[in-house]
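Chemist: Give me coordinates for this.
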Amino acid sequence: MQITCQHRNPFICNTQQLWFKQQLLRRPVCLQLSAGAAAAGNGDHATTAAAATPCQQRREYELVEERGLQFTPGVAFYRAESAQGRDLAVLAAAVYKRQTGRLRVLDVMAGSGMRGARYLTQADADIVWCNDYDRRNSLALVYNLVSSLQQYSASCGSRSSSHSNDVVSHADSWLAAAQEVQYEGIRGIVLQWDSGSISQQEQPEEEYLAGQQLHRYLQQQDMQYLQQNQQRKQPWQQWQQDQLDLVQQHQQLVRQQVQQQQAQYGQGQCCRMSHVDASRLLASVYLQEDYWDLVDVDSFGSDASCLPAALHAVKYGGLLYLTSTDGFCSAGKRPQRSLAAYGSYLRALPHANEQGLRMLIGAAAKEAASKGLAVQPLFSLYSYHGPVFRVMLRVTRSNEGMDTGNYAFVGHCYVHGENCRVGWTRLSQAWCRCKPSISQLREQATAAKAVATAAEALQTCRPTPLVLSGPMWTGPLHDQGFVAEMASLAAEWGWKGTAVPANSPHMVRQSKNNKQRPLEALLASLQEEANPALPPWYICIDTLAQHLDTTPSRDKLIKALQTRGYAACLCHIENRALRTTATTQQVLQVAVENCGHKYRQAGVPQVLLQHHETMGVMETDDI
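Modeler: Numbers count the residues shown, from 1 in each chain. From the prediction side, this is the model:
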């Protein structure tokens, strides 16, 4: 990678500076309204006022606060519900920084850069590169990133001026102080800021002028040395060698001064901004062997085209943050699309939300295996708005091929409500495990007097075939140890509740069945879900209520299952659901025997009221 820091823009002529800003920003017309046009809303024409109000609001760029950090969404949309995903991403990045001592973040679909700003300020990232193809987000990107650098400089001891709501003026001034970076393979403009230049502007005047005085002193020494050599008429070779020695002394003095400034103001941070295609940027990073600790791909819909390039861009042991918002694919409404984008033929199952997470992890695991890599989910988050599926993966080197133990199919029985994992070698035996026993079939046959023997009864009563969906990730959705470190760090920082203040106009919209949990409760739920003994999918309370006289209490049922020796916990995906190692029939039995419920007298499948034996030697969590 060849990086050359060009001229700083204040020294460019006005024409070049204007052309540079126009090419970079390309602001919409409403952002260039003059003060007179903005004040037209106070005139006599109501239509003019109504037309100018939206532009005036967009020109002012309101500030939004998350976890004490202010930023502007700019022309992009902002949803307070997504703040929880940003909380988890920042916590994971900070844990990685503590484990490795470094953190370089590449956000290829940054939007307004709010997550990149939080990586800089809260996760203490060394460098954050925010890229977004939409140039209308330039102003917000500049403001959010550079203001985060100023807050870092202020925390390192320098004086930082208070920010006003005039986002445009601040962004313009910071844009003029940007460095232009030449990155091979990228034709667009890449701008860079570092905390050293920001802190230098905020240092006291006598400290700032110390470096200038040093340069002037060295120039004077050079002139005196040259005059002495001319008077002595030294040979040219000796004079050239003396000049080289003087340059080395000068470099040593400058190096000492830089070390003193770094010791006083910190090592510094760096941020970059660009507007290029995400796939082109990831490919350029890979070709330059410039691997990153965290690659963030916040894609929209079912766009998985950046997944192969993102796996190439992350370093071994690094993190990959993936996003999907395609609820139709996860719900099994578009199986052809999910097969094309994620390599998984998804069916319409009751657990569509969890299916979206496992679909995304499975696609990354399959793509990584083809490149000699392996992925491990550190945490997975489903957000009901959108819906939004987010997974944080650790990418490691592996030559063992695909792990079929965690990449398989999931079968669902619509008759009995059972779920089970179907391995690759058991696809021909994908039927429900709720097969009646031979003695029960004999009793049924004798009572009906329709068949003579149990063998004939077995031929007439075949098991229910399963509805298969996949292949997808069937292993744990979270890493228990890593989530525990995230929870410890959140408690250390005092992060509780929601990231958005209670008095903010951007309140988190809650639904009846999907209320967003506080951060501490969410992290506790993720730790419980990380139990490797738990099988895929969850059991809905409403499904159990269809077979019982009353709706069971979720918390009481979890305690009763744990008392009976089953693993059971809450489910962050669905509030009215639980995860357990018990089957649906076993959960109903516990509800009747331990919680005082009764079976419904009508409308209950007879097979649910009987004890069933598993087929052969099959495990309860695999076929």
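Chemist: Can you tell me the SS state at Tyr316?
Modeler: Here Tyr316 is strand, with the state taken from DSSP: H, G, I helix; E, B strand; the rest coil.
Chemist: how close does the closest residue to it other than its chain neighbours get to Lys371?
Modeler: What sits nearest to Tyr316 in space, not counting adjacent residues and going by CB to CB, 6 or more residues apart in numbering, is Arg397, at 5.1 Å. Any C-beta I mention is one placed from the backbone N, CA and C, and that applies to glycine too. According to CB to CB, to the nearest Å, Arg397 and Lys371 sit 10 Å apart.
Chemist: Can you point out the buried residues in stretch 295-315?
Modeler: 295-299, 302-304, 306-311, 313-315 (16 or more other CB atoms under 10 Å).
Chemist: what do you get for stretch 81-99?
Modeler: For stretch 81-99, by 16+ other CB under 10 Å, it's 81-97.
Chemist: Mean confidence (pLDDT) on it, please.
Modeler: In this model, stretch 81-99 has a mean pLDDT of 95.
Chemist: on that earlier part again, in helices, which of the buried residues of stretch 295-315 fall?
Modeler: Leu307, Pro308, Ala309, Ala310, Leu311, Ala313 (DSSP state H).
Chemist: Give me the below-cutoff pLDDT ranges for the stretch 1-150 of the chain.
Modeler: Within the stretch 1-150 of the chain, the stretches with pLDDT under 70 are 1-60.
Chemist: Show me the strands in it, by range?
Modeler: With DSSP state E, counting those that start in this stretch as the criterion, the stretch 1-150 of the chain has strands at 64-66, 69-71, 104-107, 127-131.
Chemist: Single out the most deeply packed of those.
Modeler: Ranked by mean neighbour count, the strands of the stretch 1-150 of the chain are led by strand 127-131 with a mean of 27 (mean count of other CB atoms under 10 Å).
Chemist: Any chance you could list what contacts it?
Modeler: 104-110, 113, 116, 119-120, 141, 145, 269-276, 278, 281, 292 (CB atoms under 8 Å, 6 or more residues apart in numbering).
Chemist: quick one: strands adjacent to that strand?
Modeler: strand 104-107 (parallel), strand 270-274 (parallel) (DSSP bridges).
Chemist: Out of the ones you listed, which gets nearest to Trp537?
Modeler: Minimum separation from Trp537 across the strands paired with strand 127-131 (CB to CB) falls at strand 104-107, 32.5 Å.
Chemist: where does this protein have low pLDDT?
Modeler: In the chain (pLDDT under 70), the answer is 1-60, 152-165, 196-267, 433-462, 508-515, 601-623.
Chemist: isn't Gly401 right up against Ala369?
Modeler: Yes - proximity of Gly401 to Ala369 meets the contact threshold set by CB atoms under 8 Å, at 6.0 Å.
Chemist: between these two, who's got more neighbours?
Modeler: Ala369 (18 against 10; other CB atoms under 10 Å).
Chemist: isn't that one right up against Met402?
Modeler: Yes - at 4.3 Å, Ala369 counts as touching Met402 under the criterion of CB under 8 Å.
Chemist: Mutual contacts of those two, please.
Modeler: Joint contacts of Ala369 and Met402 (CB under 8 Å, 6+ apart) do not exist.
Chemist: neighbours of Gln546, just the number please.
Modeler: 14.
Chemist: same deal with Thr404?
Modeler: Residues near Thr404, counting by other CB under 10 Å: 12.
Chemist: Not counting sequence-adjacent ones, nearest residue to it?
Modeler: Trp424 (5.4 Å).
Chemist: which non-adjacent residue is nearest Ser469?
Modeler: Nearest one to Ser469, counting by CB to CB, 6+ apart, is Arg347 at 4.2 Å.
Chemist: Distance of that neighbour relative to Leu91?
Modeler: In terms of CB to CB, Arg347 sits 34 Å off from Leu91.
Chemist: got it, and Met402?
Modeler: 30 Å.
Chemist: now do Arg579
Modeler: 23 Å.
Chemist: Also Tyr538?
Modeler: 24 Å.
Chemist: the helices in the stretch 501-623 of the chain, which residues?
Modeler: 519-529, 541-545, 554-563, 584-593 (DSSP state H, counting those that start in this stretch).
Chemist: tell me which element Ser173 falls in.
Modeler: helix 167-176 (DSSP states H and E).
Chemist: Enumerate the positions of the helix or strand that that helix is followed by that are buried.
Modeler: As assigned by DSSP H and E, the chain's next helix or strand after helix 167-176 is strand 179-181. Within strand 179-181, the residues scored as buried using 16+ other CB under 10 Å are Gln179, Val181.
Chemist: Check stretch 473-484 too.
Modeler: Neighbour-count burial for stretch 473-484 [16+ other CB under 10 Å]: Trp473, Thr474, Gly475, Pro476, Leu477, His478, Asp479, Phe482, Val483, Ala484.
Chemist: Could you single out the nearest of the residues you listed to His385?
Modeler: Using CB to CB, the buried residues of stretch 473-484 come closest to His385 at Leu477, 19.5 Å.
Chemist: Secondary structure class of that closest one, three-state.
Modeler: coil.
Chemist: Tell me which helix or strand the residue nearest to it when sequence neighbours are not counted sits in.
Modeler: Distance criterion CB to CB, 6+ apart; nearest residue to Leu477, sequence neighbours excluded, is Ser380 at 4.1 Å. If you go by DSSP H and E, Ser380 is part of strand 373-383.
Chemist: After that strand, which helix or strand is next? Please name it.
Modeler: strand 388-397.
Chemist: Parallel or antiparallel, list what pairs with the helix or strand that that following strand is followed by.
Modeler: Next in sequence after strand 388-397, counting helices and strands by DSSP H and E, comes strand 407-412. Counting by DSSP bridges, the strands paired with strand 407-412 are strand 419-422 (antiparallel), strand 467-473 (antiparallel).
Chemist: out of the ones you listed, nearest to Glu62?
Modeler: strand 467-473 (39.7 Å).
Chemist: relative to helix 519-529, how tilted is whichever helix or strand comes after the closest one?
Modeler: Next in sequence after strand 467-473, counting helices and strands by DSSP H and E, comes helix 480-493. Interaxial angle of helix 480-493 relative to helix 519-529 (axes from the mean of the first three to the mean of the last three CA atoms, to 10 degrees): 160 degrees.
Chemist: got a list of contacts for helix 480-493?
Modeler: 87-88, 91-92, 94-95, 98, 122, 378-379, 496, 519-520, 523-524, 526-527, 530-531.
Chemist: hang on, the earlier thing: burial of the residue nearest to Leu477, as a residue count?
Modeler: 27.
Chemist: Quickly list what it is bridged to.
Modeler: Beta bridges link Ser380 to Val391, judged by DSSP bridges.
Chemist: I figured it hits Val391, correct?
Modeler: Yes - the pair Ser380 / Val391 is scored as a contact, 4.8 Å apart, by CB under 8 Å.
Chemist: any shared contact partners between the two?
Modeler: Between them, Ser380 and Val391 share the contacting residues Leu357, Ile361, Leu477, judged by CB under 8 Å, 6+ apart.
Chemist: what helix or strand is the second one on?
Modeler: Right, Ile361. helix 352-370.
Chemist: buried sites along that helix?
Modeler: 352-369.
Chemist: Also stretch 593-603?
Modeler: Cys595, His597.
Chemist: start the count at 30, not 1, going forward
Modeler: Right, with 30 as the first residue, what we last looked at is stretch 622-632.
Chemist: Mind listing residues that contact it?
Modeler: 575-579, 581-582, 585-586, 589, 592-593, 617, 620-621, 638.
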